[in-house]
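Colleague: Predicted model and sequence below, questions to follow.
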Amino acid sequence: QVQLVESGGGVVQPGGSLRLSCAASGFTFSSYGMHWVRQTPGKGLEWVSFIKYDGSYQYADSVKGRFTISRDDSKNTLYLQMNSLRAEDTAVYYCAKDGRGWQFDYWGQGTLVTVSS
Amino acid sequence: QSALTQPASVSGSPGQSITISCTGTSSDVGSYNLVSWYQQHPGKAPKLMVYEGNKRPSGVSNRFSVSKSGNTASLTISGLQAEDEADYYCCSYAGSNSWVFGGGTKLTVL
């Protein structure tokens, strides 16, 4: 069965950096695109970034230039490097598998990132 | 990349049907038949319910159906059950490998 397990969240000061990881299992990781989606406390979902199976990627305007998505197919792991963090980046960050039908068909349990001084 | 517009809340009694609307623009909902819907119970990760028009993942009840007209997609849940009480989010492909979510709708089963 598909499993996605995020890690790396925590408390960081404004302007700081954090790297999130998402360990994948139960499917051929190298054949699928992967996403990061975040949810601010008590609020809605926001798509953050996508990396295709071929390594091409895209970002939401709100994180472009500050976040970097990457993947290591040898480790079945997705990453999100977050730099120049702001208070508004505080959220639960989910990794999600792309379903090839332009949907997110499996989600991890999320990891909380808190940006605060 | 403005969020899609959903009603903040809807409610219905067990056995009834409810509809949640999701309004976007000609750049997202109106351009692609690629709206997906997610159910989220408190403290849980979102769960895919419907995608790519009116497709449902294995295990999702056929009580969940979608329609689309112009820039607005709608999710209908028929035969409401207590377990349907949750937050629901729509999401549309917006071109150039980007996606946009709705603000979410809280469904209360009375």
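Modeller: The structure has been received and is ready for your questions.
Colleague: Tell me who's in contact with B:Pro46.
Modeller: For B:Pro46, the contacting residues are A:Val37, A:Leu45, A:Tyr94, A:Phe104, A:Trp107, B:Tyr38, B:Gln39, B:Gln40, B:Tyr89, by C-beta atoms under 8 Å, 6 or more residues apart in numbering or on different chains. (Each C-beta comes from the backbone N, C-alpha and C, glycine too.)
Colleague: Sitting in strands, which of those residues do you find?
Modeller: Using DSSP state E, the members of those that fall within strands are A:Val37, A:Leu45, A:Tyr94, A:Phe104, A:Trp107, B:Tyr38, B:Gln39, B:Gln40, B:Tyr89.
Colleague: my guess is the first one meets A:Tyr94, correct?
Modeller: In other words, A:Val37. Yes: with contact defined as C-beta atoms under 8 Å, A:Val37 counts as touching A:Tyr94 (4.8 Å).
Colleague: Mind checking which of those two has more residues around it?
Modeller: A:Val37 (28 against 24; other C-beta atoms under 10 Å in any protein chain shown).
Colleague: ok, now which ones touch that one?
Modeller: Here A:Val37 is in contact with A:Leu45, A:Glu46, A:Trp47, A:Val48, A:Tyr93, A:Tyr94, A:Cys95, A:Ala96, A:Phe104, A:Trp107, B:Pro46, B:Phe101 (criterion: C-beta under 8 Å, 6+ apart).
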